[in-house]
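Peer 1: when you get a sec, could you give me coordinates for this:
(one chain, ligands or ions: 2)
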Amino acid sequence: MEALRVVDLCKTYITNKRQNNVLKNVNFVIEQGEMAAVMGPSGSGKSTLLYSVSGMDRPTAGKVVLGGRVITELKEKELARVRLNEMGFIFQQMYMLKNLTVLDNILLPAYQSQNKERSRKEIDAYAAALMRRLGISEIAGNDVTEVSGGQLQRACICRSMMNRPQILFADEPTGALNRGSSEEVMKELNRLNEDGATIMLVTHDLKVAAKCSRILYIVDGNIKGELPLGKLSFSAGTGDGKEEREQEAAGIEKLLRERERRLNSWLIEMGW
Ligand SMILES: Nc1ncnc2c1ncn2[C@@H]1O[C@H](COP(=O)(O)OP(=O)(O)OP(=O)(O)O)[C@@H](O)[C@H]1O
Ligand SMILES: [Mg+2]
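Peer 2: Numbering: from 1, shown residues only. Ligands and ions are numbered 1, 2, ... in the order given. Model (predicted):
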């Protein structure tokens with residue numbers, strides 16, 4: 001099943017009366033359950049693509065179909081509702097409200113959603129469960145200025161998941177993080193993906209991209225190539241004994257190194 005179809009997408013910015021064609025007839029499909037990474041040089045249009053596809057910004061031409069619905073034809077109000085209820089967003093510049101606690105920030109999109117099926121009590125319980133799962137329960141009451149970058153990014157993931165989106169968009173979700181926090185965040189994104197969420201993320205990080213199922217490489221507003229890496233399967237930690245679990249973890253590490261090598265040589269071919 002298709003999660004997302006992008007047809008002849010164009011985006012032109014006009015600055016100082018000069019026309020800048022940033023996206024030039026971009027076409028691709030993301031299947032449900034995929035985890036796609038967009039890579040490419042700085043200024044190639046990756047963020048613009050993510051914003052245009054997710055309805056954060058209007059494309060100049062072309063069509064975006066989300067779960068069978070043409071969202072580029074929606075009026076602003078309807079589009080806002082689709083964004084709130086059906087999409088999740090994670091950005092590098094984290095748009096958390098500074099005068100609210102981490103928990104209140106996480107709850108906000110769910111309270112704003114007009115989905116009447118859930119009571120406040122259910123919403124609160126869902127937020128608590130998500131925070132527990134991402135290991136940030138203890139910072140629920142902190143102001144967003146009183147937490148680490150990795151914690152804040154995990155809070156952003158919680159927030160983006162509150163309305164159980166069909167698809168999650170992330171622009172360099174690990175860009176501001178150190179290696180350890182970055183791995184934590186990727187572990188969560190991989191887990192959400194295993195649970196069925198479709199993910200489209202932008203990254204400069206080879207290790208992050210190697211954990212995705214497919215890479216789209218964009219150069220100068222066009223998709224220059226695609227690399228299907230296939231789904232990464234996580235069976236580590238499911239074994240009975242300690243030894244067995246260690247073996248599984250070592251197996252996954254080996255698999256990851258192989259994927260990174262494959263991706264690296266492909267990126268060199270693409271002119272990265
Ligand atoms: N709001 C805007 N108004 C005018 N021009 C813009 C706007 N946003 C982006 N651009 C231009 O579009 C081009 C692509 O920018 P974009 O942010 O999509 O690149 P990117 O691939 O995400 O780069 P990076 O890897 O550095 O994040 C750039 O030339 C940029 O100057
Ligand atoms: Mg960008």
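
Peer 1: okay, now whatever residue of the stretch 1-150 of the chain ends up closest to ligand 2: neighbour count?
Peer 2: Proximity of the stretch 1-150 of the chain to ligand 2 (Cβ to the ion) peaks at residue 47, 3.2 Å away. Using the backbone N, CA and C atoms, a C-beta is placed for each residue, glycine as well. By other Cβ atoms under 10 Å, the residues close to residue 47 number 18.

Peer 1: contacts only, for it.
Peer 2: 171, 202 (Cβ atoms under 8 Å, 6 or more residues apart in numbering).

Peer 1: check it and give its pLDDT.
Peer 2: At residue 47, the model reports a pLDDT of 96.

Peer 1: just how off-centre is the one helix or strand it maps to within its chain?
Peer 2: Taking DSSP states H and E as the definition, residue 47 sits inside helix 46-53. Its chain's average C-alpha position is 12 Å from that of helix 46-53, according to Cα atoms, centre = their mean, to the nearest Å.

Peer 1: and for stretch 122-141?
Peer 2: 20 Å.

Peer 1: again, but for stretch 192-200
Peer 2: The answer for stretch 192-200 is 9 Å, by Cα atoms, centre = their mean.

Peer 1: let me know whether that stretch sits next to ligand 1.
Peer 2: No - judged by Cβ under 6 Å from any ligand atom, stretch 192-200 stays clear of ligand 1, getting no closer than 13.4 Å.

Peer 1: ok, and what's touching that stretch?
Peer 2: Under Cβ under 8 Å, 6+ apart, the answer for stretch 192-200 is 3-4, 30-36, 38, 50, 53, 88, 157, 161, 165-170, 189, 212, 234.

Peer 1: how would you label the most centrally placed residue in the chain: helix, strand or coil?
Peer 2: Most central in the chain under Cα atoms, centre = their mean is residue 170, positioned 3.0 Å from the mean C-alpha point. Three-state assignment for residue 170 (DSSP: H, G, I helix; E, B strand; the rest coil): strand.

Peer 1: could you name the helices and strands sitting against whichever helix in the chain runs longest?
Peer 2: Determined from DSSP state H, the single longest helix within the chain is helix 242-270. Applying 3 or more Cβ pairs under 8 Å, 6 or more residues apart in numbering; DSSP states H and E, one finds that helix 242-270 contacts helix 206-209, strand 214-219, strand 222-228.

Peer 1: mean neighbour count added to the ones you listed, as a markdown table?
Peer 2: A markdown table is the format used below for these (neighbours: other Cβ atoms under 10 Å):
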| stretch | mean neighbour count |
| --- | --- |
| helix 206-209 | 21 |
| strand 214-219 | 21 |
| strand 222-228 | 15 |
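
Peer 1: how about these in CSV, adding distance to ligand 1 and mean pLDDT?
Peer 2: Output for the helices and strands packed on helix 242-270, formatted as CSV (distance: least, Cβ to the nearest ligand atom, whole Å; pLDDT from 0 to 100):
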stretch, distance to ligand 1, mean pLDDT
helix 206-209, 13, 97
strand 214-219, 7, 98
strand 222-228, 12, 97
